[in-house]
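**Student:** Below: sequence and its predicted model.
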Amino acid sequence: MQYYLCDPDQRDMLYPFSRLHHFAEIRLGLCTNRERYVAGLNEEVIPLHKAEKHSLPSVFINARFIADPQLCQAIKQLQIRQALILQNEIIAIALSDHRFSGFQKKYEEVRFIPYEGN
């Protein structure tokens, strides 16, 4: 599967940083969040705004969530038409078609899996 890191629907959460940079490119200590996901997933993670076209199947990751080993492991276990959620917010969603339209819970036939990590 191809992994895409996407800005959350509420971009003002990290204002003023999110005004100039996408969430994936904001430096959090030593690494950007994208670099953390690349290391944790051991796969290439493409910021959605830089992708010319989605390859399928795809996992879309909400860049608002900072990558850690436990979260990356949970994301790697997602199957098609499954979404990882934390307190009614989608962390990541695996799709086999081009239906990605943000992180609102409006996907039919998607099984929502609660994330019980940190």
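**Tutor:** It's in. All of these numbers come straight from a predicted model, not from anything done at the bench.
**Student:** what bridges to residue 45?
**Tutor:** residue 3 (DSSP bridges).
**Student:** swap in residue 31?
**Tutor:** The partner residues for residue 31, given DSSP bridges, come to residue 28.
**Student:** how close does it sit to residue 40?
**Tutor:** Separation of residue 31 from residue 40 (C-beta to C-beta, to the nearest Å) stands at 10 Å. The way it works is simple: take the backbone N, C-alpha and C, and place the C-beta from them, glycine included.
**Student:** what do you get for residue 92?
**Tutor:** From residue 92 to residue 40 the distance is 12 Å (C-beta to C-beta).
**Student:** partner strands of the lengthiest strand in the chain, parallel or antiparallel?
**Tutor:** Counting residues, the longest strand in the chain under DSSP state E turns out to be strand 89-95. Strand 89-95 has its sheet partners listed here by DSSP bridges as strand 58-62 (antiparallel), strand 82-86 (antiparallel).
**Student:** Let me know which of these is tucked in deepest.
**Tutor:** strand 58-62 (a mean of 24; mean count of other C-beta atoms under 10 Å).
**Student:** Check the average confidence over the next helix or strand after it, would you?
**Tutor:** Sequence-wise, the next helix or strand downstream of strand 58-62 (DSSP states H and E) is helix 69-76. Averaging pLDDT along helix 69-76 yields 96.
**Student:** Repeat that for stretch 106-113.
**Tutor:** Average pLDDT, stretch 106-113: 82.
**Student:** again, but for stretch 81-100
**Tutor:** The model assigns stretch 81-100 a mean pLDDT of 86.
**Student:** on that earlier part again, counting neighbours, go ahead and name the busier of residue 92 and residue 40.
**Tutor:** residue 92 (27 against 18; other C-beta atoms under 10 Å).
**Student:** Quick check: residue 2 touching residue 60?
**Tutor:** No. Look at residue 2 against residue 60 with C-beta atoms under 8 Å: they stay out of range, at 9.7 Å.
**Student:** picking up where we left off before, residue 70: which of the strands paired with strand 89-95 is closest?
**Tutor:** strand 82-86 (11.4 Å; C-beta to C-beta).
**Student:** Now find how far off-centre the closest one is within its chain.
**Tutor:** The chain centre lies 10 Å from the centre of strand 82-86; the measure is C-alpha atoms, centre = their mean, to the nearest Å.
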